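Chemist: fold the stuff below for me.
(2 chains)
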Amino acid sequence: MILLGILIVLIGACLFCSLRAVLGPTAPDRVVAIDALTSLMVAVLVILGIVYEASFYLDVALVYAILAFLGTLAIAKYIEGRRVGD
Amino acid sequence: MIELIAYIFLCIGGACALIGAMGILRFPDVYNRLHANTVVVVGGVIMTLLGAGIWYGLSAYTLKAIVIALFLFLTNPVGAHAIARAAHKSGVKLWPRSVVDKLEEEEKG
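Modeler: Sure thing, here's the model as predicted:
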């Protein structure tokens, strides 16, 4: 029951982050929001691993964290080369 | 007893994640939002991972959880630094009430 509450809280946090990703006035705002969103998804996967008593959720979470990190770096490198107005 | 400790960690994690997400929604500019992003990752996700590790005691699950926590702990500052640098280089303005911008002083002087 507590685990369900924590899952609902985490999904509420995901909603806040996705709202910022939709609203965000500049591209870096969206990148920050998506970065937090992927980290929150890692936490959601870990708690699902506890609920369903399956350890492969943690493998998925590890790969997801690595891909999110690489994606953040790639997008940051892409934003760096251009001005805001472009 | 172990489950109680794990629940405490998980609840701290959920609370930090919610507070950090509110910060991401409410803070005024990119650089402040990066601070809230760190609260989400270090306070929320890593606490959740440690709680999940404590839940299963000494096992492969715990080891995996600790590996993910270490990975996030090491890579989140790198990502935040890259985003802040990219935002500053692409000309995103600071919040008007910010007090200091050493990078701009460095580039001008």
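Chemist: nearest residue to the middle of chain B?
Modeler: Chain B has B:Thr38 as the residue nearest its centroid, 2.1 Å off, counting by Cα atoms, centre = their mean.
Chemist: show me the shaky parts of chain A.
Modeler: A:83-86 (pLDDT under 70).
Chemist: just the helices from it, written as ranges.
Modeler: A:2-23, A:27-52, A:56-80 (DSSP state H).
Chemist: which stretch among the ones you listed comes nearest B:Met47?
Modeler: helix A:27-52 (8.8 Å; Cβ to Cβ). Just so you know, the C-beta spots here come from the backbone N, C-alpha and C atoms, and that holds for glycine as well.
Chemist: helices along chain B, start to end?
Modeler: B:2-26, B:30-38, B:46-55, B:60-89, B:102-108.
Chemist: now do the first one against helix B:46-55, angle only.
Modeler: When you say that, I think you mean helix B:2-26. Angle, helix B:2-26 to helix B:46-55, by axes from the mean of the first three to the mean of the last three Cα atoms, to 10 degrees: 170 degrees.
Chemist: got it, and the longest one?
Modeler: Angle between the axes of helix B:60-89 and helix B:46-55 is 170 degrees (criterion: the same axes, to 10 degrees).
Chemist: how far away from the center of its chain is helix B:60-89?
Modeler: 8 Å (Cα atoms, centre = their mean, to the nearest Å).
Chemist: same for that helix, what does it pack against?
Modeler: With contacts defined as 3 or more Cβ pairs under 8 Å, 6 or more residues apart in numbering or on different chains; DSSP states H and E, helix B:60-89 has these neighbours: helix A:27-52, helix A:56-80, helix B:30-38, helix B:46-55.
Chemist: single out the most deeply packed of those.
Modeler: helix B:46-55 (a mean of 25; mean count of other Cβ atoms under 10 Å in any protein chain shown).
Chemist: any chance of the helices and strands packed on helix B:60-89 in JSON lines, with distance to A:Phe16 too?
Modeler: Shown next, in JSON lines, are those (distance: least, Cβ to Cβ, whole Å):
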{"stretch": "helix A:27-52", "distance to A:Phe16": "9"}
{"stretch": "helix A:56-80", "distance to A:Phe16": "18"}
{"stretch": "helix B:30-38", "distance to A:Phe16": "10"}
{"stretch": "helix B:46-55", "distance to A:Phe16": "17"}
